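Novice: Okay, predicted coordinates and the sequence, questions at the end:
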Amino acid sequence: MIVLLCVNVFAGTFSIGGFAPLLPEIGRTLRLSDFELGVLAGTFGFARMVADLPVGLFVRRHLRPALIIGPVILIAGILCLTTGGSFGVLMLGRALMGLGHSLGMVAGLTAVLHVHAGGRLGAALNAIEFSGMLGLLGGVTVVGWLPRAVAWNGAFLVACSPVLLVLATLPQLLSALREMHTVSALKGVVATSTSTASNRSWLVPLVFVTGAAVSCAYSTVEQFLIPLRGSRHFGLDRGGIAHLLQIGQICDIVALLPVGVLADRRGASRVLAAVRAFGFPVAELRPDDLVDASRILQMGLEPVQIHVMSAISGVSWDDAWRDRAAGRCGRHEVPFLGRDSFLRNKRAAGRPKDLADIDAITPGEDERSS
């Protein structure tokens with residue numbers, strides 16, 4: 001399913017990359033002022049910013065419809081923009097493109113978080129982002145390759161044509177998503193968290209501010225300043241502007257390559273180092289083994305045995321950490337799974353022993369029905 005999501009993101013972002021090299025031509029052909037060009041360039045990002053919160057709420061309950069509606073709205077925006085009509089029509093097209101792209105990206109990332117099993121989440125999210133960067137580069141490259149005789153709206157339509165691949169692969173994606181949800185339900189795996197640990201609440205405004213700064217810089221520099229200055233001050237045509245934009249995008253792609261691997265291996269490497277420090281024979285173990293949710297590392301012999309697991313049924317890491325209970329282990333105070341998380345884990349496992357444990361922990365309570 002990750003492959004299908006990457007294909008959709010890749011095909012859906014050609015339209016973003018294909019717009020910037022054509023901005024000077026749009027201005028000259030339609031006789032738009034610099035202010036109007038700036039508004040037109042920024043409408044896409046502004047629409048995404050405004051739409052992201054309601055889109056997130058919509059996708060939370062309607063993931064499959066969002067995957068269907070997103071590309072349809074994106075295509076409507078592309079067609080609206082290429083009509084070359086009034087300034088209002090052009091802005092409407094850019095706004096629809098922003099809304100469609102927001103639906104597609106948020107739905108795709110949500111799908112990864114909902115159904116991705118195992119400890120390779122960082123690599124999976126990195127693959128989605130990497131596909132988007134390749135799509136940006138692809139849109140710029142197609143526009144740069146096309147002859148100058150092709151009008152700007154024709155060049156933009158050709159650059160955006162891979163979006164049809166999203167519609168072509170949508171049935172397979174929806175089918176894969178349905179199968180993954182079924183498997184996750186049978187295993188009792190919950191891959192997402194519905195709450196955030198209180199001691200990490202500062203991450204939300206930090207990520208928001210960082211994202212806003214990056215988005216403003218991207219919209220200003222890549223979508224507006226580079227195309228206009230390249231055209232007016234250096235006499236570059238659409239091909240020259242495309243080459244300028246390709247340099248930055250290739251650097252982004254090269255820098256992005258190791259990020260997902262590092263994100264998944266960083267914590268696992270620390271755990272493996274701690275295991276080695278205790279003298280356990282782990283010569284054949286790799287960090288990847290510790291982030292595979294299907295594997296359990298057993299150390300020692302019963303009744304004194306340690307199990308190292310990267311995931312448990314029914315409880316996410318954030319929920320488990322928020323609900324943790326402090327206890328003593330020898331001279332040390334260590335965190336244990338809290339009562340609520342413990343019960344959710346037992347219910348998700350659903351074995352007779354787990355159900356008996358629930359009855360023992362909650363005498364007189366109808367825990368099974370809850």
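Specialist: Cool, the structure landed. Residues are numbered from 1 along each chain as shown.

Novice: Tell me which helix or strand the nearest residue to Ile361 once chain neighbours are set aside sits in.
Specialist: Counting by C-beta to C-beta, 6 or more residues apart in numbering, Ile361 lies nearest to Leu343, which is 6.9 Å off, once chain neighbours are set aside. All C-beta spots, glycine's among them, are computed from the backbone N, C-alpha and C. According to DSSP states H and E, Leu343 maps onto helix 339-349.

Novice: hey, C-alpha coordinates of that helix in PDB?
Specialist: C-alpha atoms of helix 339-349 as PDB (Å, rounded to 0.1, in the frame of the first residue of the first chain):
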ATOM      1  CA  ARG A 339      -4.200   0.700  34.500                       C
ATOM      2  CA  ASP A 340      -6.200   2.000  31.600                       C
ATOM      3  CA  SER A 341      -3.500   1.200  29.000                       C
ATOM      4  CA  PHE A 342      -3.100  -2.300  30.600                       C
ATOM      5  CA  LEU A 343      -6.800  -3.000  30.300                       C
ATOM      6  CA  ARG A 344      -6.900  -1.800  26.700                       C
ATOM      7  CA  ASN A 345      -4.000  -4.000  25.800                       C
ATOM      8  CA  LYS A 346      -5.700  -7.000  27.500                       C
ATOM      9  CA  ARG A 347      -9.000  -6.400  25.600                       C
ATOM     10  CA  ALA A 348      -7.100  -6.000  22.300                       C
ATOM     11  CA  ALA A 349      -5.300  -9.300  22.900                       C
END
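
Novice: you'd agree the residue nearest to Ile361 is up against Ala360?
Specialist: No: look at Leu343 against Ala360 with C-beta atoms under 8 Å: they stay out of range, at 11.4 Å.

Novice: So which of those two has more stuff around it?
Specialist: Leu343 (21 against 8; other C-beta atoms under 10 Å).

Novice: Val55 against Ser102, yeah?
Specialist: Yes: the pair Val55 / Ser102 is scored as a contact, 5.0 Å apart, by C-beta under 8 Å.

Novice: Of those two, which one has the most company?
Specialist: Ser102 (26 against 22).

Novice: Please tell me how far that one sits from Phe208.
Specialist: 15 Å (C-beta to C-beta, to the nearest Å).

Novice: Over to Ala217?
Specialist: Using C-beta to C-beta, Ala217 is found at 15 Å from Phe208.

Novice: do the same with Asp319
Specialist: According to C-beta to C-beta, Asp319 stands 23 Å off from Phe208.

Novice: The two - which one has more neighbours?
Specialist: Ranked by neighbour count (other C-beta under 10 Å), Asp319 and Phe208 place Asp319 first, with 23 against 11.

Novice: Could you give the number of residues near the nearest residue to Phe342 once chain neighbours are set aside?
Specialist: Leaving aside its chain neighbours, Phe342 sits nearest to Ile361 (7.6 Å; criterion: C-beta to C-beta, 6+ apart). As a burial measure, Ile361 scores 13 neighbours (other C-beta under 10 Å).

Novice: ok, back up a step: can you give the distance from the helix holding Leu343 to the centre of its chain?
Specialist: Distance of helix 339-349 from its chain centroid, counting by C-alpha atoms, centre = their mean, to the nearest Å, is 28 Å.

Novice: tell me the mean pLDDT for that helix?
Specialist: The average pLDDT for helix 339-349 rounds to 87.

Novice: same for the helix or strand harbouring Thr220, what does it pack against?
Specialist: For Thr220, the element it lies in under DSSP H and E is helix 203-220. Applying 3 or more C-beta pairs under 8 Å, 6 or more residues apart in numbering; DSSP states H and E, we find helix 203-220 packed against helix 34-61.

Novice: Compute the inter-axis angle for the helix it packs on and helix 203-220.
Specialist: When axes from the mean of the first three to the mean of the last three C-alpha atoms, to 10 degrees is applied, the directions of helix 34-61 and helix 203-220 differ by 140 degrees.

Novice: in terms of contact count, name the helices or strands touching helix 34-61.
Specialist: If you count contacts as 3+ C-beta pairs under 8 Å, 6+ apart, helix 34-61 packs onto helix 14-19, helix 23-30, helix 63-82, helix 87-115, helix 203-220.

Novice: next structured bit after the last one?
Specialist: Next helix or strand after helix 203-220 toward the C-terminus (DSSP H and E): helix 226-232.

Novice: and what of the fourth one?
Specialist: Counting by DSSP H and E, the element after helix 87-115 in chain order, helix or strand, is helix 121-145.

Novice: other SSEs contacting that following helix?
Specialist: On a contact count with 3+ C-beta pairs under 8 Å, 6+ apart, helix 121-145 meets helix 2-12, helix 14-19, helix 87-115, helix 152-160, helix 238-256, helix 259-277.

Novice: how about it: buried residues?
Specialist: 121-144 (16 or more other C-beta atoms under 10 Å).

Novice: and Gly104, what does it touch?
Specialist: The contact partners of Gly104, by C-beta atoms under 8 Å, 6 or more residues apart in numbering, come to Asn8, Val9, Gly12, Ala66, Leu67, Gly70, Pro71, Leu74, Val166.

Novice: try it again with 7 Å
Specialist: Taking C-beta atoms under 7 Å, 6 or more residues apart in numbering, we find Gly104 in contact with Asn8, Gly12, Gly70, Pro71, Leu74.

Novice: got those residues as TSV, with neighbour count and pLDDT columns?
Specialist: Below are these laid out as TSV (neighbours: other C-beta atoms under 10 Å; pLDDT from 0 to 100):
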residue	neighbour count	pLDDT
Asn8	28	90
Gly12	28	91
Gly70	26	93
Pro71	22	93
Leu74	26	95
